[in-house]
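*Asks:* Give me a 3D structure for the following:
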Amino acid sequence: MNVQARRILSGTALLATIAVGSASGQTTYPNVKLTGRLQEQFYYFSNEDYAAAVGSKSNFFTRRARIEARGQISENVSVYIQPSFEGGRNLSSVATTCTSTPVPAGGGTPTLTCRTTGRSGLRLRDAWIDVRFSPEGSKGALYLRGGQEKRPYSRYELTSSNNLPSIERGAGQGLVARASNDLFAANGFLSHDVGASLRYEYKLDDTRLVTLKVGAYNGQGESLNDVNNKKSFGARATAGIYSKLDIGGSWFAHDGIVTVGGVPDSTWTNYAFGVDAQWGKPGDEGLYVLGEYLDGNDATAAKNKIRGIQGLAAYNYRFKSPTSWLYAIEPAFRFDLADPNTSVDNDRATLITAVLGIYMSSKAQLRVAYERESFQGSVTPSISGIRSALTVSF
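*Replies:* You can find the predicted model right below:
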């Protein structure tokens, strides 16, 4: 076991010990709660044309296996740690596979798609400390956060994976990584990073919030040190319009190092913005709808313009019988359009997902989905097939 894995396990064990102690006699602080999630997946896709990039046609795998420790250290200080056990990223064993498919019809420049995988060790996902600069229960609250968290960009990326109606946010394993979520993650705008942020929340009423968040990050991604003297910056604002309607907007400036004319440029930055709206919440009874538009530059010296559009709708029908093993059913549909270079024709990818979700309880779901990933250009074959997921949170 490597040093990082030992540290994560030691920290989780310490928080578990504190949690047991607080449950047995401690009624004030610290107050720590342990939760987690386990998600198993299976897929079967007609993806043989892309085998070098996506692997086998069918696969069973553990998508997520996480223990989460959330602690209230004092009235104004809280901590959150989330290690991930599903075969995470050990830098000594990371492999990156790239493919130039699909090739645009009628010529043009092929689009390079890369997928990075790691098969051993532990991953540290969220790991942060929050300090609140206001009394508990006040309508307005200012928070300082330091540590590792998700960059404040894209509503669906920031939606908890405990209960995703579409199973995946992007194109999951077995498909080519060309959905909007994959595109903007690959270019430095999504997922986890190390840094610090300020967040202000104002309660409009019992169900509605106005939130503004700004943050500075290393820009390199999960658990990685910075490589230059610059930082990445992000901002996100959301507002509750009605009891179920929430709107938002995001902006992010991602820094890195690119080579221009054979000379490394460490002052390079690419930018992205997005707007989004949501009705309801995942897993709540009734209608849930999410839509967002993402726009930015890719992580090359040319800063090609990239674009993503995604929409999701689900309806949760709740059963009323107290003795039924079936808690709810939830049909859902997702449409995703990703354009890796708006100046190039015939390079867009479309992903359609039709899902039936079966709830055994509010925290246990079985989902079966038909997915079809198609690529612009008549000579580029599409991929279609079935994905299923059995998920539990606790």
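*Asks:* residue contacts, the residue most central in space within the chain?
*Replies:* Closest residue to the average C-alpha location of the chain: Glu157 at 3.7 Å, with CA atoms, centre = their mean. By CB atoms under 8 Å, 6 or more residues apart in numbering, Glu157 lies in contact with Lys150, Arg169, Asn181, Phe184, Ala185, Leu190, Ser191. (Each C-beta comes from the backbone N, C-alpha and C, glycine too.)
*Asks:* Same list, these, but as a markdown table with distance to Asp206, pLDDT and neighbour count please.
*Replies:* Listed next are the contacts of Glu157 as a markdown table, based on distance: CB to CB, whole Å; pLDDT from 0 to 100; neighbours: other CB atoms under 10 Å:
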| residue | distance to Asp206 | pLDDT | neighbour count |
| --- | --- | --- | --- |
| Lys150 | 26 | 98 | 17 |
| Arg169 | 29 | 97 | 23 |
| Asn181 | 32 | 98 | 24 |
| Phe184 | 33 | 98 | 29 |
| Ala185 | 35 | 97 | 20 |
| Leu190 | 31 | 97 | 27 |
| Ser191 | 32 | 95 | 17 |
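*Asks:* Show only the entries of those residues found in helices.
*Replies:* Those of the contacts of Glu157 mapping onto helices are Asn181, Phe184, Ala185, per DSSP state H.
*Asks:* Arg387: which of these is nearest?
*Replies:* Asn181 (15.1 Å; CB to CB).
*Asks:* Just the CA trace of stretch 172-183, in PDB.
*Replies:* Provided in PDB are the C-alpha atoms of stretch 172-183 (Å, rounded to 0.1, in the frame of the first residue of the first chain):
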ATOM      1  CA  GLY A 172     -19.400   6.100 -19.400                       C
ATOM      2  CA  GLN A 173     -17.200   3.100 -19.800                       C
ATOM      3  CA  GLY A 174     -17.800   1.300 -23.100                       C
ATOM      4  CA  LEU A 175     -18.400   4.500 -25.000                       C
ATOM      5  CA  VAL A 176     -16.100   7.000 -26.600                       C
ATOM      6  CA  ALA A 177     -15.400   9.800 -24.200                       C
ATOM      7  CA  ARG A 178     -17.000  12.500 -26.300                       C
ATOM      8  CA  ALA A 179     -20.000  13.800 -24.300                       C
ATOM      9  CA  SER A 180     -20.200  17.400 -23.000                       C
ATOM     10  CA  ASN A 181     -19.100  16.400 -19.500                       C
ATOM     11  CA  ASP A 182     -16.100  14.500 -21.000                       C
ATOM     12  CA  LEU A 183     -15.200  17.400 -23.300                       C
END
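*Asks:* What residues sit buried inside it?
*Replies:* For stretch 172-183, the neighbour count (16 or more other CB atoms under 10 Å) marks Gly172, Gln173, Gly174, Leu175, Val176, Ala177, Arg178, Ala179, Ser180, Asn181, Asp182, Leu183 as buried.
*Asks:* For the protein, which residues score under the pLDDT cut-off?
*Replies:* For the chain, the stretches with pLDDT under 70 are 1-27, 87-121, 378.
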